[in-house]
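> structure here, sequence nowhere to be found:
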């Protein structure tokens, strides 16, 4: 894997968090801690998985009957 070098400025709070992550996961350096935090954040924010409870709820709702509404605004008094 090709590694990119970057010089970054971070706050003291961010630095402390990186130190904690580094120690908690027994990482070699802060670069590895930063990479771990970024990849975990990315996995959570960029490709969120649907919770199984939500999937089950949607499958159940798919079989429910529907109501046709010809005028959405009028039906929900949005005029």
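Sure, I can see it. This structure is a prediction, so every number in the text was calculated from the model and none was measured. Residues are numbered from 1 along each chain as shown.
> which residues of the chain fall in helices?
In the chain, the segments counted as helices under DSSP state H are 12-24, 30-46, 52-62, 72-75.
> JSON lines please, covering the ones you listed and showing distance to residue 6 and mean pLDDT.
Placement of C-beta: from N, CA and C, glycine included. Below are the helices of the chain laid out as JSON lines (distance: least, C-beta to C-beta, whole Å; pLDDT from 0 to 100):
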{"stretch": "helix 12-24", "distance to residue 6": "14", "mean pLDDT": "96"}
{"stretch": "helix 30-46", "distance to residue 6": "9", "mean pLDDT": "89"}
{"stretch": "helix 52-62", "distance to residue 6": "37", "mean pLDDT": "90"}
{"stretch": "helix 72-75", "distance to residue 6": "49", "mean pLDDT": "90"}
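> residue 5 is nearest to which of these?
helix 30-46 (8.9 Å; C-beta to C-beta).
> what sits up against that closest one?
8, 15, 17-19, 21-22, 25, 27 (C-beta atoms under 8 Å, 6 or more residues apart in numbering).
> if any of those are buried, put those into a PyMOL selection.
Only the buried entries of those go into this PyMOL selection, using 16 or more other C-beta atoms under 10 Å:
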select buried, resi 18+21+22+27
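> farthest-separated two in the contacts of helix 30-46?
Maximum distance among those (C-beta to C-beta): 19.5 Å, for 8 and 25.
> how far away is residue 73 from residue 32?
Going from residue 73 to residue 32 by C-beta to C-beta, to the nearest Å gives 55 Å.
> which of those two has more residues huddled nearby?
Set residue 73 next to residue 32 and count neighbours by other C-beta atoms under 10 Å: residue 32 wins out with 15 against 9.
> separation between the more buried one and residue 58?
Taking C-beta to C-beta, one finds residue 32 at 39 Å from residue 58.
> and if you look at residue 10?
The separation that residue 10 has from residue 58, given C-beta to C-beta, amounts to 40 Å.
> find the nearest non-adjacent residue to residue 25, please.
Among residues not flanking residue 25 along the chain, residue 36 sits closest, at 6.4 Å (C-beta to C-beta, 6 or more residues apart in numbering).
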